[in-house]
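Trainee: okay, sequence plus prediction incoming.
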Amino acid sequence: MEKRVGFGRAFLLFWKNYFNFKGRARRAEFWWWTLWNFLIFSLLGLSSTISFFYWFANSFDGHKTAALNSAIIFMISAGLYLFLLVATLIPNIALLIRRFHDTGRKMTVPICFIVATISYNFINPMVRTDAQHHGVLWIFVVLFLLIYVALAVYIFVITLLPSQPEDNKYGRGPAGKKFEQGHAPTSHKSYSESATGSHHTHYE
């Protein structure tokens, strides 16, 4: 039996599988990291917001030392937020793809969703300006948003699904590999590490 993934192990697996787009990720691995992601960015966002307002308020009140300290905290928090936003982009995409693989699905939908997200962020400012004078563009925006929301809901549902029990072309299933008669079983690799070439064995 494979080793269960908990809160701490999910954090390690996330960074260990930074460029792993070929393996499988169990539901626990995905959602434990989602919790990590939420906590990290919530704390940094809260720290940035509070320190910014303290910096703003102390600057007007003439409290130079307090304003300086608040400014330093704001810059550190905001800097870490932006750094981690960029640093976690690739492994977040990889984790989502492995979650799809774990349910027996290809990476097509996640890739389409990512492309749609990037496209929307670039096109949206320009479209919003021109759409006020062009009804056709408004129709395009509405259709795009409907498709985008549909993809987001579909992805969310897939991440909630249990693992495909049997092995598939992306890696081992939670039920363990089924071997043909006359072939001896090999050691159990961690499902997220099986595609990375790791030689560590894990047993429950």
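Mentor: That came in fine, so what should we check first? Numbering: from 1, shown residues only.

Trainee: just want the most central residue of this structure.
Mentor: Compute the mean C-alpha point of the chain, and by C-alpha atoms, centre = their mean the closest residue is residue 92, 3.0 Å away.

Trainee: which non-adjacent residue is nearest that one?
Mentor: Using C-beta to C-beta, 6 or more residues apart in numbering and skipping residues adjacent in sequence, the residue nearest residue 92 is residue 37, 7.4 Å away. The way it works is simple: take the backbone N, C-alpha and C, and place the C-beta from them, glycine included.

Trainee: pLDDT wise, what is the one you found at?
Mentor: Residue 37 is assigned a pLDDT of 98 by the prediction.

Trainee: that one is in contact with residue 91, isn't it?
Mentor: No: Residue 37 lies out of contact with residue 91 (C-beta atoms under 8 Å); the separation is 10.2 Å.

Trainee: what's next to the helix or strand of the chain with the lowest mean pLDDT, contact-wise?
Mentor: Counting by mean pLDDT, DSSP states H and E, the weakest-scoring helix or strand in the chain turns out to be helix 108-131, with a mean of 81. The contact list for helix 108-131, computed with C-beta atoms under 8 Å, 6 or more residues apart in numbering, reads 93, 96-97, 100, 137-138, 140-141, 144, 147-148, 151-152, 154-155, 158.

Trainee: cool, stretch 69-81 as well?
Mentor: When contacts are defined by C-beta under 8 Å, 6+ apart, stretch 69-81 is touched by residues 41, 44, 45, 47, 48, 51, 52, 54, 55, 58.

Trainee: ok, stretch 16-31 next?
Mentor: Applying C-beta under 8 Å, 6+ apart, the set of residues contacting stretch 16-31 from outside is 4-6, 9-10, 13-14, 90-91, 93-99, 101-102, 107, 159-163, 168, 170-172, 174, 191-196.

Trainee: show me where the chain dips below the pLDDT cut-off.
Mentor: Along the chain, the parts satisfying pLDDT under 70 run over 1, 126-135, 176-204.

Trainee: any idea where the strands of it begin and end?
Mentor: When secondary structure is read from DSSP state E, the chain shows no strands.

Trainee: I am finished for the moment; much appreciated.
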